[in-house]
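Peer 1: sequence first, then the predicted structure:
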There are 2 protein chains.
Amino acid sequence: MAARETDPKERLLDEAEALFAENGYHAVSVREITAAAGCNLAAINYHFGNKRNLYLEVFRTRWLARARVIQERVYETLQNKKEITPPALIRALAEAFLFGPMSEKDRLRHVQLMQREVIQPTEAFEMVMDEVMKPFLGALGERIRPYLPAGTDQERLMLNALSIISLILYFNFGRESVKRITGRAYDQAFREELIRHIVRFTTTGLGLGAGENAS
Amino acid sequence: MAARETDPKERLLDEAEALFAENGYHAVSVREITAAAGCNLAAINYHFGNKRNLYLEVFRTRWLARARVIQERVYETLQNKKEITPPALIRALAEAFLFGPMSEKDRLRHVQLMQREVIQPTEAFEMVMDEVMKPFLGALGERIRPYLPAGTDQERLMLNALSIISLILYFNFGRESVKRITGRAYDQAFREELIRHIVRFTTTGLGLGAGENAS
DNA sequence: GAACGTTTGATACGAATGTTTGTATCAAAC
DNA sequence: GTTTGATACAAACATTCGTATCAAACGTTC
């Protein structure tokens, strides 16, 4: 069984994801991708049919898989707690995105790729929404529902969940903006400050008092 | 003085902005732009030198101007109040983005264009940061500082300001996501609900109790 | 009405684009 | 030993890209 390093098809997916995330679909040529993957120009057509299909395959085989890893990481962090409070949940979420099990570059790629779809949805957007965002936001909502006022309806719940996610995402993909405004680099210390801020802001935003009672 | 409708140079800027916002820089050709503007292919070269310069000129003459209109709108809304509380400020801000003096399409374009720069900064990003974001976030911070604990440092202030902005922006450019999750269309009623949510979430997020004491 | 800056029209160019083709390679199956 | 099927390759495909050129037509201003 060929490893990911040696299989040209796998290399193509990896390099394509990196380039698509960094420069966007149209700014990347199939020649760039095949050159980066160290294989022939025709390989994309052979393995994926065309460029567009390669892009979608990146989402199917790479992006979705990574999203599941992130989610597992969140649940892993939480599973040995008796009670999962919103601050603990949000912290686990923010940590998964700002630290997490993958490399820094992988995490950045992941968010960049999705953010491009959010701005300009294509076929991949459906995939991301149906397979990841909807169930994830649903689960997130159900976890925090017990801590909200009794009569909170589903729509209000989703707006709260979306707000939490938007903050976490913004402090990821908007790094350049955040760096300019705060004058800080995204080192370990700053990331931890960011997480503290996100947890505090969103927890109190939910109307739950400034509790950071979980590490 | 030729109106915007008749002047080819102005039409080029308008159509270019619309196309760049919707499809991104690389996905738009100069032929598309000149065709949409109803003028000759050579016009771009004559007026702007090249495509890249046209893009930057869109930011210089259109985007920045619009950003100033939005800011003025915010201050206009606030000027006849004796005390500008954070909820009133945030509401004015959110309203300017979700309703505002321009057309729905113009507002969408504005945020889309900026969002693309946030994800993948180019020369225009510097412009946006230096001329709009930095001073605006600074002013926003100073307005809410009196309501925060006395010892709040500048960095914490900026993180709070960024969080407010991120929420407002997300509920704009992330329309497709929000629509999918909530099942609501972006009609008048939903927009007003969104504003109420943003004001409440961010106001309490700042640690100011759930005050919505300003219309 | 002459001069000027502007706009159009048609055309050309080299470079880059996504895609296709025909052939070579090589291990597995027969 | 031959056939098969999957993979890889260089070369070429037609198209589109951004840019450039240049003469003719336009509208405005001296």
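Peer 2: Nice, thanks for sending it over.

Peer 1: quick one: residues contacting A:His110.
Peer 2: If a contact means C-beta atoms under 8 Å, 6 or more residues apart in numbering or on different chains, then A:His110 has A:21, A:63, A:66-67, A:70, A:102 as its contacts. In short, each C-beta sits where N, CA and C put it, glycine included.

Peer 1: contact partners for A:Glu22?
Peer 2: In this structure, A:Glu22 makes contact with A:109, A:112, B:120, judged by C-beta under 8 Å, 6+ apart.

Peer 1: just the ones of those residues in helices?
Peer 2: Secondary-structure check on the contacts of A:Glu22 using DSSP state H: residues within helices are A:109, A:112.

Peer 1: quick one: A:Leu159 from B:Gln120, how far?
Peer 2: Using C-beta to C-beta, to the nearest Å, one gets 28 Å for the distance from A:Leu159 to B:Gln120.

Peer 1: hmm, I was thinking of A:His197
Peer 2: Separation of A:His197 from B:Gln120 (C-beta to C-beta) stands at 25 Å.

Peer 1: model confidence for A:Gln154, exactly?
Peer 2: Looking at A:Gln154, its pLDDT stands at 95.

Peer 1: before we move on, what SS does the closest residue in space to it that isn't next to it in sequence have?
Peer 2: Spatial nearest neighbour of A:Gln154, excluding adjacent residues (C-beta to C-beta, 6 or more residues apart in numbering or on different chains): A:Gly141 at 7.6 Å. Using DSSP: H, G, I helix; E, B strand; the rest coil, the three-state assignment for A:Gly141 comes out as helix.

Peer 1: just checking, A:Gly141 touches A:Glu155?
Peer 2: No. The pair formed by A:Gly141 and A:Glu155 falls short of the contact definition of C-beta atoms under 8 Å, at 10.3 Å.

Peer 1: and the two? Which one has more around it.
Peer 2: Between A:Gly141 and A:Glu155, counted using other C-beta atoms under 10 Å in any protein chain shown, A:Gly141 has the larger neighbour count: 21 against 15.

Peer 1: so how far is chain B from the closest residue to A:Phe59 other than its chain neighbours?
Peer 2: With C-beta to C-beta, 6+ apart as the criterion, A:Phe59 has its nearest non-adjacent residue at 4.4 Å, and that residue is A:Ala124. Here the distance between A:Ala124 and chain B works out to 12 Å (C-beta to the nearest C-beta, to the nearest Å).

Peer 1: coming back round to it: most widely separated two among the contacts of A:His110?
Peer 2: Greatest spatial distance in the contacts of A:His110: A:Ala21 and A:Ile70, 15.3 Å, computed using C-beta to C-beta.

Peer 1: give me the residues contacting the host helix or strand of A:Ala35.
Peer 2: Counting by DSSP states H and E, the secondary-structure element that holds A:Ala35 is helix A:30-37. With C-beta under 8 Å, 6+ apart as the contact definition, helix A:30-37 has outside contacts at A:8, A:11-12, A:14-16, A:18-19, A:40-41, A:43-44, A:51, A:54.

Peer 1: over to stretch A:40-58?
Peer 2: Residues from elsewhere that reach stretch A:40-58 (C-beta under 8 Å, 6+ apart): A:8-9, A:12-13, A:16-17, A:20, A:25, A:30-31, A:33-34, A:37, A:113, A:123-124, A:127.
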